[in-house]
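Q: structure of the sequence below:
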Amino acid sequence: MDKPCIDEGYIKDSHSELSPSLENYLRTIFDIDQSKGIARVRDLAKQLRVKTPSVVAAIESLKNKDLVTQEKYGHVELTNKGKILAQNLSKRKNTIVNFLVRILRIEEDLAQQDACLLEHDFSQSTFRKMERMISFIEMLEKNHPDIFDEFKKFIFDSDEMYVVHETKSLFELQDNEEAIVVHINLDQISKEKLAILDLKRGCKIKRVQSFKDIVNFQIEDNFIALTSKECKNIYCKTI
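A: This is a model prediction of the structure:
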């Protein structure tokens with residue numbers, strides 16, 4: 001786990017000055033700066049899916065709070081004060097996403113949506129307890145796998161009962177049958193592969209044909225191949 005945030009009391013006070021919208025802008029500036037080395041208005045507009053005038057107004061508000069600087073028509077830079085706050089906001093969201101995905105096994109897309117709702121209202125005390133909970137569960141997984149397995153069963157039994165009774169796996173689909181993906185067992189399938197295949201909860205999928213251990217599906221205009229084992233860990237509702 002990362003070390004505790006720098007100057008926590010200061011961060012808490014500054015955090016309360018910003019609206020959720022401005023927090024999103026500040027964190028996004030930091031994230032874009034980390035990935036691209038420079039944050040521009042057009043990058044913020046694209047990332048946040050807003051119009052350029054909205055970005056300009058938000059940047060002006062952040063400038064007034066001494067959190068960012070910007071030359072006329074130039075890129076946006078975080079001040080030292082803004083960088084500290086942005087780092088904490090970014091860490092806060094990443095920790096919540098990690099908790100939802102890593103501990104509760106929420107699917108990535110849903111976890112990102114939920115984190116956007118939760119990140120603005122968490123107290124520092126709750127946030128710290130969440131960090132400790134993640135560390136504890138990771139310790140169980142590493143040092144006490146038997147206890148960790150019991151934890152997973154306790155958390156997911158009710159969900160698996162729903163999956164078994166209300167849906168069926170992709171493996172059970174017939175050729176040319178269409179369905180909507182409703183659940184993916186992330187313990188058995190690589191998230192990297194799911195991302196490459198653009199396979200996620202809510203997508204419409206059609207079984208095409210199978211050959212030995214490989215089953216072919218169609219998602220919109222793309223064709224993907226899954227192993228029988230992977231198919232048995234992806235659940236759907238037929239259309």
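
Q: Val215 and Leu170 touch, don't they?
A: Yes: using CB atoms under 8 Å, Val215 is in contact with Leu170, at 7.0 Å. Backbone N, C-alpha and C define where each C-beta goes, glycine included.

Q: give the residue farthest from the middle of this protein.
A: Lys212 (34.7 Å; CA atoms, centre = their mean).

Q: thinking again about what came up before, any common contacting residues for Val215 and Leu170?
A: Here Val215 and Leu170 share the contacting residues Arg207, Leu226, Cys231, scored by CB atoms under 8 Å, 6 or more residues apart in numbering.

Q: take the residues you listed and write them to a markdown table, including neighbour count, distance to Ile29 and secondary structure.
A: Below are the shared contacts of Val215 and Leu170 laid out as a markdown table (neighbours: other CB atoms under 10 Å; distance: CB to CB, whole Å; DSSP: H, G, I helix; E, B strand; the rest coil):
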| residue | neighbour count | distance to Ile29 | secondary structure |
| --- | --- | --- | --- |
| Arg207 | 22 | 44 | strand |
| Leu226 | 24 | 39 | strand |
| Cys231 | 21 | 42 | helix |
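
Q: endpoints of stretch 31-49, how far apart?
A: Stretch 31-49 has an end-to-end distance of 15 Å (criterion: CA to CA, to the nearest Å).

Q: now do the buried residues in that stretch.
A: Along stretch 31-49, these residues count as buried under the neighbour rule (16 or more other CB atoms under 10 Å): Asp31, Ile32, Asp33, Ala39, Arg40, Val41, Asp43, Leu44, Ala45, Gln47.

Q: turn the residues you listed into TSV, columns for pLDDT, distance to Val56 and secondary structure.
A: As requested, the buried residues of stretch 31-49 are arranged in TSV below (pLDDT from 0 to 100; distance: CB to CB, whole Å; DSSP: H, G, I helix; E, B strand; the rest coil):
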residue	pLDDT	distance to Val56	secondary structure
Asp31	91	19	helix
Ile32	93	16	helix
Asp33	91	18	helix
Ala39	91	13	strand
Arg40	91	12	coil
Val41	91	7	helix
Asp43	91	13	helix
Leu44	93	10	helix
Ala45	92	9	helix
Gln47	89	15	helix
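
Q: what's the closest of those residues to Asn98?
A: Ranked by distance to Asn98 (CB to CB), these are led by Asp31 at 15.2 Å.

Q: please tell me I have it right and that closest one contacts Leu89.
A: No: the criterion here is CB under 8 Å, and Asp31 misses it with Leu89 at 9.5 Å.
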